[in-house]
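Undergrad: Take this sequence and fold it.
(one chain, ligands or ions: 1)
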Amino acid sequence: MMHQQMLDMIQQLNDYSYAYHVKDAPIVPDAEYDRIYRQLQEIETKHPNWIQPDSPTQRVGEKPDSGFANVAHTVPMLSLDNAFDNESLSDFDQRIRKLLKVDHITYCCEPKLDGLAISLRYEEGRLVRGVTRGDGLSGEDITSNIKTIYSVPMKLRTSTPPAVLEVRGEIYMPKEGFEKLNALAVEQGEKTFVNPRNAAAGSLRQLDPKITAKRPLVMCAYSIGYVEGWDQPKSHYEGLLQLSEWGFRINDLMAKAEGAQGCIDYYEMLNEKRVDLSYDIDGIVYKVDQIALQNQLGFIARAPRWAIARKFPAQEEMTRVLGVDFQV
Ligand SMILES: CC(C)(C)c1nc(N2CCN(c3ncccn3)CC2)c2cc(C(N)=O)c(N)nc2n1
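TA: Residues are numbered from 1 along each chain as shown. As a prediction, the model looks like this:
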């Protein structure tokens with residue numbers, strides 16, 4: 001077995017993992033993935049000095065010796081202002097059009113995933129760090145746990161990566177994985193989690209990555225934070241499509257909308273779909289799509305003037321926790 005053949009196996013396994021965990025479109029059966037994975041493990045055991053940082057075997061490492069270090073974000077992770085009804089969406093749109101002296105805004109609409117916000121740092125295309133949002137200015141270095149999540153690429157899928165790229169995203173636990181985790185916890189007489197968000201938070205706070213590796217966590221990218229050595233697209237939506245090509249999962253319900261009415265229509269559409277989604281969402285995040293307009297608007301305190309969240313009524317939460325159907 002030559003060194004190059006081993007590199008080819010790593011590339012093959014990472015391609016299979018990208019198809020399965022990022023594109024939701026497996027190209028080989030699990031057994032085939034496992035067969036090649038075991039072959040790679042044997043080679044790495046025989047030639048430890050050949051081991052590559054982006055090898056899938058390097059996703060589950062040892063636990064950090066003393067807790068999680070605190071790390072300052074290169075660019076603060078902002079918070080979000082809330083809109084509670086259609087009128088406040090219209091006010092938001094009107095306020096922006098007045099400030100920018102334009103008569104029409106295109107928005108990018110994204111389901112607001114109910115998980116934990118994190119920031120991933122890539123240098124020369126390789127994952128070097130994962131940090132929780134924390135208070136927005138600094139967070140906990142949970143790189144060892146982040147690496148166990150298959151939808152977090154260990155290396156960008158490009159031969160010409162930006163020198164530095166920081167990607168913001170949400171780590172969440174799909175409903176099915178949450179139900180299975182709680183069923184197992186009941187069986188083993190362990191504590192159960194109240195909801196997928198808490199289960200994701202608890203799984204990321206584990207000191208031992210071997211435990212995190214067993215939890216069904218997914219990462220979905222929602223913004224480009226800091227970047228060096230790359231001309232960022234003019235549109236937020238285009239930026240996320242680029243992240244998808246580089247290996248990140250983005251939400252397939254993300255869409256552009258024209259003006260306040262487009263945002264309201266999107267809300268009605270998503271509110272219909274919400275109950276059938278395989279993951280929890282607690283609303284929608286609307287963002288001015290043009291980056292130049294975002295920069296002109298900036299942010300107030302730490303919430304951007306150019307983005308707003310709108311929450312759904314929390315009826316589902318009550319139903320799940322109390323097991324009764326609240327029809328208010
Ligand atoms: C880049 C901006 C700031 C506009 C932004 N900020 C977000 N968040 C900030 C507030 N966050 C927060 N978290 C805890 C405490 C206070 N704020 C949680 C992330 C976004 C969260 C989601 C999502 N969940 O799906 C999303 N699709 N887009 C986001 N976009």
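
Undergrad: so what's the nearest residue to Ile300 once chain neighbours are set aside up against?
TA: Among residues not flanking Ile300 along the chain, Asp81 sits closest, at 7.8 Å (Cβ to Cβ, 6 or more residues apart in numbering). All C-beta spots, glycine's among them, are computed from the backbone N, C-alpha and C. Shown in contact with Asp81 (Cβ atoms under 8 Å, 6 or more residues apart in numbering): Ile300, Ala303, Ala307, Ile308, Ala309.

Undergrad: out of these, who's nearest the ligand?
TA: Ala307 (3.7 Å; Cβ to the nearest ligand atom).

Undergrad: Now the closest residue to that closest one other than its chain neighbours: phi and psi?
TA: What sits nearest to Ala307 in space, not counting adjacent residues and going by Cβ to Cβ, 6+ apart, is Lys287, at 4.5 Å. Dihedral angles of Lys287 (phi, psi; degrees, to the nearest 10) stand at phi -130, psi 140.

Undergrad: so how many other residues sit close to Lys287?
TA: Lys287: 22 surrounding residues under other Cβ atoms under 10 Å.

Undergrad: Repeat that for Glu187.
TA: Glu187: 8 neighbours (other Cβ under 10 Å).

Undergrad: now it: how far from Lys214?
TA: 14 Å (Cβ to Cβ, to the nearest Å).

Undergrad: who in the protein is up against the ligand?
TA: For the chain, the contact set with the ligand under Cβ under 6 Å from any ligand atom comprises 78-80, 110, 112-113, 117, 133, 170, 222-223, 285, 287, 304, 307.

Undergrad: and the residues you listed, which two are the farthest apart?
TA: Pairwise distances across the residues of the chain next to the ligand (Cβ to Cβ) peak at 18.0 Å, for the pair Leu113 and Pro304.

Undergrad: Among those two, which residue is more densely surrounded?
TA: In terms of neighbours (other Cβ under 10 Å), Leu113 is the more surrounded of Leu113 and Pro304; the figures are 26 against 17.

Undergrad: who's in contact with that one?
TA: Glu170, Tyr172, Cys220, Tyr222, Asn251, Tyr279, Asp280, Ile281.

Undergrad: Name the nearest residue to it, sequence neighbours excluded.
TA: Glu170 (4.1 Å).

Undergrad: heading toward the C-terminus, what's the first helix or strand past whichever strand or helix holds that neighbour?
TA: Using DSSP states H and E, Glu170 sits in strand 164-172. Next helix or strand after strand 164-172 toward the C-terminus (DSSP H and E): helix 175-187.

Undergrad: and Gln294, what is it in contact with?
TA: Gln294 touches His236, Lys287, Val288, Pro304, Trp306, Ala307, counting by Cβ under 8 Å, 6+ apart.

Undergrad: I appreciate the help and will end here.
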